[in-house]
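Enquirer: Based on what follows, work out the 3D shape:
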Amino acid sequence: MTVFHLVRHAEHDLLGRVLTGRMPDVPLNERGRKQAVRLARHFASRAVAAVVSSPCQRAQETAVPIAAALGLEVATDAGLNEIDFGDWTGMTFEALQGVPGWQAWNQFRGTAPTPGGEMMLEALGRALRCLARWREAVPDGEVVLVGHQDVLKAVLVHSLGAPLDLMQRIELGAGSCSVLRVFGEGGVLVESCNLAH
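Expert: As a prediction, this is how the structure comes out:
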């Protein structure tokens, strides 16, 4: 059995105001750095075999203290990357309210497109391939995966057998952790969701 700790990156200054997507130069703020340290303390006593992060700066900065507390290096996996929001990247959520397609994206995640970006199904597919890679690498152990809210929510709703259109019913706070257990023949158990450490 592989235990996946799904960690949403810690807080940054644009959180809740701007759709940062894959924008460069989005570091953690002071509160976020404290969240990352708390996560590192939480995981320091666990037998974690690998710490894997999205390539985005805010995820990497969350993962580094966790890995350091465990004596590990951070592995980067593009499967955990934030959604490519295309033309919406960098827009404020206030401005997005009047943009064609934004409401559809939020109501119909399974089928709604992003302008010049990727669909939620594509993001889910790459995230599941990431989990499969790390399940193979760590078939009997614990792995910390540091990523982004929507990508991690998609993994959780998929694991629950729910459609992507319902993923907005799950909240994952900055610096939160959810636990997913994956068994030998594809069995999966969502053990916890949105825990703050």
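
Enquirer: now the helices for the protein?
Expert: Taking DSSP state H as the criterion, the chain contains helices spanning 30-44, 57-70, 93-96, 102-107, 120-137, 149-159.

Enquirer: I figured Cys130 hits Ser53, correct?
Expert: No: Cys130 lies out of contact with Ser53 (C-beta atoms under 8 Å); the separation is 10.7 Å. For every residue, glycine as well, the C-beta is placed using N, CA and C.

Enquirer: Those two: who's more crowded?
Expert: Ser53 (26 against 22; other C-beta atoms under 10 Å).

Enquirer: I figured the more buried one hits Val74, correct?
Expert: Yes: counting by C-beta under 8 Å, Val74 is a contact partner of Ser53 at 5.2 Å.

Enquirer: Which of the helices of the chain sits closest to Arg169?
Expert: For the helices of the chain, distance to Arg169 was read as C-beta to C-beta. The smallest value, 8.2 Å, belongs to helix 149-159.

Enquirer: what residues are up against Ala75?
Expert: For Ala75, the contacting residues are 50-53, by C-beta atoms under 8 Å, 6 or more residues apart in numbering.

Enquirer: Restricted to strands, list the residues you listed.
Expert: Judged by DSSP state E, the subset of these located in strands is 50-53.

Enquirer: How about the longest strand that the chain contains, which residues are buried there?
Expert: Within the chain, and with DSSP E defining each element, the longest strand by residue count is strand 188-196. Residues 190, 193-194 are the ones in strand 188-196 that count as buried (16 or more other C-beta atoms under 10 Å).

Enquirer: and the helices of the chain as JSON lines, adding distance to Gly21 and mean pLDDT?
Expert: Listed next are the helices of the chain as JSON lines, based on distance: least, C-beta to C-beta, whole Å; pLDDT from 0 to 100:
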{"stretch": "helix 30-44", "distance to Gly21": "17", "mean pLDDT": "98"}
{"stretch": "helix 57-70", "distance to Gly21": "11", "mean pLDDT": "98"}
{"stretch": "helix 93-96", "distance to Gly21": "12", "mean pLDDT": "97"}
{"stretch": "helix 102-107", "distance to Gly21": "12", "mean pLDDT": "94"}
{"stretch": "helix 120-137", "distance to Gly21": "11", "mean pLDDT": "97"}
{"stretch": "helix 149-159", "distance to Gly21": "10", "mean pLDDT": "97"}
